[in-house]
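Participant: Sequence first, predicted coordinates after that:
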Amino acid sequence: MEFLKNQDMLMDIIDKTDIISKMKVGFWVIEYPEEGQPRMYGDPMMHLIMGNDKEMSPEEMHRFWFERIDSTYVQMIEEAINNLKKIIQQKRDILGIIRKKDGLLFDVVLSGMNRIKRE
């Protein structure tokens with residue numbers, strides 16, 4: 001039974017991947033290190049959507065993406081990036097306090113954002 005369950009889960013993932021591909025949705029991750037250049041990683045669909053047909057380093061890919069942003073949106077995007085950096089740092093600070101308080105040892109992955117309650 002476990003095999004059938006795992007096979008069903010795998011087929012579900014394959015079906016979703018096929019649907020996403022047909023919808024022309026690309027996925028990417030951008031890293032903003034404290035030092036150095038931002039890095040962008042993407043799946044093949046993201047490269048196709050962006051019109052990238054050559055091999056690039058992650059740093060070159062970020063520049064390729066950023067240089068194509070319409071100038072009227074650059075400031076808005078930079079502000080959004082800076083706000084995300086602040087939120088991530090706040091989460092790290094909070095998790096650091098929790099870690100110190102409880103003596104927990106674990107790696108914190110901040111690839112997703114929880115909803116932030118605004119008052």
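Facilitator: Received it, and whenever you're ready, just let me know what you need.

Participant: Roughly how far does the closest residue to residue 53 other than its chain neighbours sit from residue 83?
Facilitator: Spatially, and ignoring its direct neighbours in sequence, residue 53 is nearest to residue 47 (7.7 Å; C-beta to C-beta, 6 or more residues apart in numbering). In short, each C-beta sits where N, CA and C put it, glycine included. With distances defined as C-beta to C-beta, to the nearest Å, the gap from residue 47 to residue 83 amounts to 27 Å.

Participant: neighbour count winner among the two?
Facilitator: Set side by side, residue 47 and residue 83 show unequal neighbour counts under other C-beta atoms under 10 Å, the larger going to residue 47 at 18 against 10.

Participant: Looking at whichever strand or helix holds that one now, give me its mean pLDDT.
Facilitator: Residue 47 belongs to helix 44-50 when assigned by DSSP states H and E. Mean pLDDT, taken over the full extent of helix 44-50, equals 85.

Participant: Any buried residues in that helix, and which?
Facilitator: Buried positions in helix 44-50, judged by neighbour count with 16 or more other C-beta atoms under 10 Å: 45-47, 50.

Participant: After the helix-or-strand element of the chain with minimal mean pLDDT, which helix or strand is next?
Facilitator: Taking mean pLDDT, DSSP states H and E as the measure, the helix or strand of the chain with the lowest value is helix 2-22, at a mean of 68. In the C-terminal direction, the helix or strand that comes right after helix 2-22 (DSSP H and E) is strand 28-31.

Participant: Pull that next one out as CSV, backbone CA atoms only.
Facilitator: What follows is strand 28-31, C-alpha atoms only, in CSV (Å, rounded to 0.1, in the frame of the first residue of the first chain):
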residue,chain,number,x,y,z
TRP,A,28,13.5,31.7,-9.5
VAL,A,29,15.3,32.5,-6.4
ILE,A,30,17.3,35.6,-5.7
GLU,A,31,20.0,35.8,-3.0
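
Participant: Pull up the pairing partners for that strand, direction included.
Facilitator: Take DSSP bridges as the rule and strand 28-31 pairs in its sheet with strand 39-42 (antiparallel).
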